[in-house]
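Trainee: here is my input; please provide its structure:
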Amino acid sequence: MNERAMEMRRRMLAFRDAHRPPIPAKEAKRWTFLAAAPPREVFAVMEQMIGTFPFRFELTGESSARIAEFRRKGVIGQWSRHVEIFTRWVSCEARVTPAGTEVTVVASRGRGPMPRALQLVQLLTRGSADSRTVYRHRTLPAGPVSLVASWAGMPYHLYTEPRWDAPRGPRVLTASGVEAIPGGTGSFTRVRLADGTEGYIETDQIVAAPEASTREAQAGAARFG
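Mentor: Below is the predicted model of the structure:
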């Protein structure tokens, strides 16, 4: 009976330790800046670039996310199963403003958070003319375009103006006849639908779709796609 009670106690303590809320490390550094990338692109690149082992990417709200440490090396090099004390983290908040996406990146104390946060900040602040930036300057030539394949089966509503908070207009599909026309910006391409309706589509959501299937046309589509 005593052995059974001791086993139950051991299991209860293990369960408590496994589900005990970790104590986060204190804030060490904060950056606030404007980025050309929309919030979804900010969080996507954050997850891909710095949300790697031993950190884990987590959404914390509609406009915020973080990476949190969930494994840590011990004294002799083994990886711990849980990190309970001074958990290291990097948080990011991205909100759309008339001037662009306002991004706030915060790094905690400890090894790891600062270099990861700096990678994210540098990538998002290099400018649209830098080919290494997440949202480089990209223009499409006038002519037929189509939505990227990830929009297959889902409608995309045009923007009435080249800004993120503009009202949305008619919807288009990947099979819709869409033509790029002059008048767009780096983040938005001005388009005309088959019925003559004009609007704007985010440049990173469309690719050139030449009507001719020649080798030259395919090379041009690859260049601007």
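
Trainee: rest of the way, CA atoms for contacts and neighbours
Mentor: OK.

Trainee: which strand residues bridge the residue nearest to residue 91 when sequence neighbours are not counted?
Mentor: Closest residue to residue 91 apart from its sequence neighbours, by CA to CA, 6 or more residues apart in numbering: residue 66 at 4.0 Å. Counting by DSSP bridges, residue 66 forms beta bridges with residue 58, residue 91.

Trainee: likewise for residue 33?
Mentor: Under the criterion DSSP bridges, residue 33 forms beta bridges with residue 103.

Trainee: I figured it hits residue 102, correct?
Mentor: Yes. Under the contact definition of CA atoms under 8 Å, residue 33 touches residue 102, with a separation of 5.9 Å.

Trainee: and those two? Which one has more around it.
Mentor: residue 102 (19 against 14; other CA atoms under 10 Å).

Trainee: quick one, what contacts the more buried one?
Mentor: With contacts defined as CA atoms under 8 Å, 6 or more residues apart in numbering, residue 102 is in contact with 32, 33, 34, 35, 93, 94, 95, 96.

Trainee: any of those residues buried? List them.
Mentor: For the contacts of residue 102, a burial check counting by 16 or more other CA atoms under 10 Å picks out 34, 35, 93, 94, 96.

Trainee: restricted to strands, list these.
Mentor: Residues of those located in strands (DSSP state E): 34, 35, 93, 94, 96.
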